[in-house]
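> From the sequence below, what's the structure:
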Amino acid sequence: MEKRSGATVVPAILAAVAGTGYASGRELVLFFAQTGRTGWIGICLASVVFGLLVSLLCRCGGSAGATDFARFCQRMMGKRAGTVAGWLHALLLALTAVVMLCGAGELGALTLPVRFGWLWGAGSALLIALVLNVAQLRPLPGLGFIVLAAGAAFYGALALDPRPVRMWLEGAVQLALEDSWPASVLLALAYGAMNAALAANVVLRFGTGAKPWRVGLGCALSLGVLLSAANRAIERGGRQLLGHAMPTVVLAARWGLFGFWACAGFGYLCAVTTLASALGGLIDAMRGGGSKGMLLTALAMASLAGLLGLRRAVGVSYPVVGWLCAALMLSLACRADTLLFRSGKG
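Down below sits the predicted model:
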């Protein structure tokens, strides 16, 4: 693992999870926007939970002496429980990879004036992600800086644009969880834990030597700013926007052709960085001695979920895996004190 400063680790982590919240906008609707005004409570809580868990991973990673999350779980929880946790994490990574490929494919179908645009979009994203992994993900921090700057500018501009949003979908969308703070809290916990687990391998790879509290604080603040800007932008569209598969495309349509390409370019970048991180985690698991059968099973299940389509894969699969990852991260947090005490860091 390479030693890097907190200023470098934070962008790499945000690049790893950018696609789960920004590639299509569906994830943001699922975890925050559908709860209405209480979604702002969820954004604050999710950012804090994400920062705390990242800080914990950064602090415990060196003590556990693990270079990948599967091995980290085994040393924290024991071989049997750690193996189950590793399978769950592999399922999360595989599902994320499939969703990012679907997102890149959808963008390719929308933007490329060629036959099989979906395949060109997904195939090019996969190729770039593999090239990044051949380079040991070293370009990821630099791409993370671009993601943070572009995300703040893109969603900030969408949020500040006062012009009305034109809809192709008529009729109001019913929100069963509107203004429900218990739902906002539960969804925020799932979102924060799921994304911390998704970024775990990047934290373990880049976080050695960085101060955990600085990394956690930087991640919490950065994620909070991006989520807030994106949620405010989605509020501009009203309830009808929540029914669209790719809300950000609808929002950016107010800017004409420039908005279309800006949205597509940013979404593609987010999909590629998250896809590269997810594939890197799966590769690390295989190198760390993970079961090939386990990894193939996870990929098969994720591919099956991907056949449901982008919207259903996100809406059905992500909440389930998110809650399982929340339980996993809570278990690891409970065991962290013991590890830190034994290592003399408590």
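> what about Pro139, neighbour count?
15 (other Cβ atoms under 10 Å). Backbone N, C-alpha and C define where each C-beta goes, glycine included.
> for Arg71, that is, sorry about that
If we define neighbours as other Cβ under 10 Å, then Arg71 has 21 of them.
> any idea which helix or strand carries it?
Per DSSP states H and E, Arg71 falls inside helix 69-77.
> what do you get for Asp179?
Taking DSSP H and E as the criterion, no element holds Asp179; it sits outside all helices and strands.
> That one: neighbour count?
The burial count assigned to Asp179 is 12, neighbours taken as other Cβ under 10 Å.
> Check the spacing between the closest residue to it other than its chain neighbours and Trp118 real quick.
Counting by Cβ to Cβ, 6 or more residues apart in numbering, the nearest residue to Asp179 once its immediate chain neighbours are dropped is Gly36, at 4.8 Å. Using Cβ to Cβ, to the nearest Å, Gly36 is found at 34 Å from Trp118.
> what does Ala7 give?
Between Ala7 and Trp118 the distance is 37 Å, computed by Cβ to Cβ.
> Between these two, which has more neighbouring residues?
For Ala7 versus Trp118, neighbours defined as other Cβ under 10 Å are more numerous around Trp118 (18 against 13).
> and the host helix or strand of the more buried one, average pLDDT?
Under the criterion of DSSP H and E, Trp118 resides in helix 117-134. When pLDDT is averaged along helix 117-134, the result is 94.
> where in this structure is pLDDT low?
Counting by pLDDT under 70, the low-confidence segments of the chain come to 1-6, 21-24, 62-66, 168-175, 288-319, 322, 336-346.
> picking up where we left off before, tell me the buried residues in the helix holding Arg71?
For helix 69-77, burial by neighbour count (16 or more other Cβ atoms under 10 Å) applies to 69-77.
> So what's the gap between the helix or strand following it and the chain middle?
Note on helix 69-77: by DSSP H and E, the next helix or strand toward the C-terminus is helix 79-111. Its chain's average C-alpha position is 10 Å from that of helix 79-111, according to Cα atoms, centre = their mean, to the nearest Å.
> quick check, nearest of the buried residues of helix 69-77 to Thr20?
Phe69 (16.1 Å; Cβ to Cβ).
> how much space is there between the nearest residue to Gly51 once chain neighbours are set aside and Val29?
Closest residue to Gly51 apart from its sequence neighbours, by Cβ to Cβ, 6+ apart: Ala220 at 2.8 Å. Separation of Ala220 from Val29 (Cβ to Cβ): 22 Å.
> same question, Val114
Remark: distance between Val114 and Val29 (Cβ to Cβ) = 30 Å.
> higher neighbour count, those two?
Here Val114 and Val29 are set side by side on neighbour count (other Cβ under 10 Å), and the busier one is Val29, at 24 against 10.
> I'd like to know how many residues surround Thr67.
Around Thr67 sit 16 other residues, with neighbours defined as other Cβ under 10 Å.
> Tell me if I'm right that it and Ala285 touch.
No - when contacts are counted by Cβ atoms under 8 Å, Thr67 is not listed as touching Ala285 (10.7 Å).
> Run a quick neighbour tally on Arg166.
A count of nearby residues for Arg166, using other Cβ under 10 Å, gives 10.
> quick one: secondary structure of it?
Per DSSP: H, G, I helix; E, B strand; the rest coil, the local secondary structure of Arg166 is coil.
> Now do the contacts for the closest residue to Met77 other than its chain neighbours.
Of all residues not flanking Met77 in the chain, Ala85 sits nearest, at 6.1 Å (Cβ to Cβ, 6+ apart). By Cβ atoms under 8 Å, 6 or more residues apart in numbering, the residues touching Ala85 are 70, 73-74, 77, 328, 331-332.
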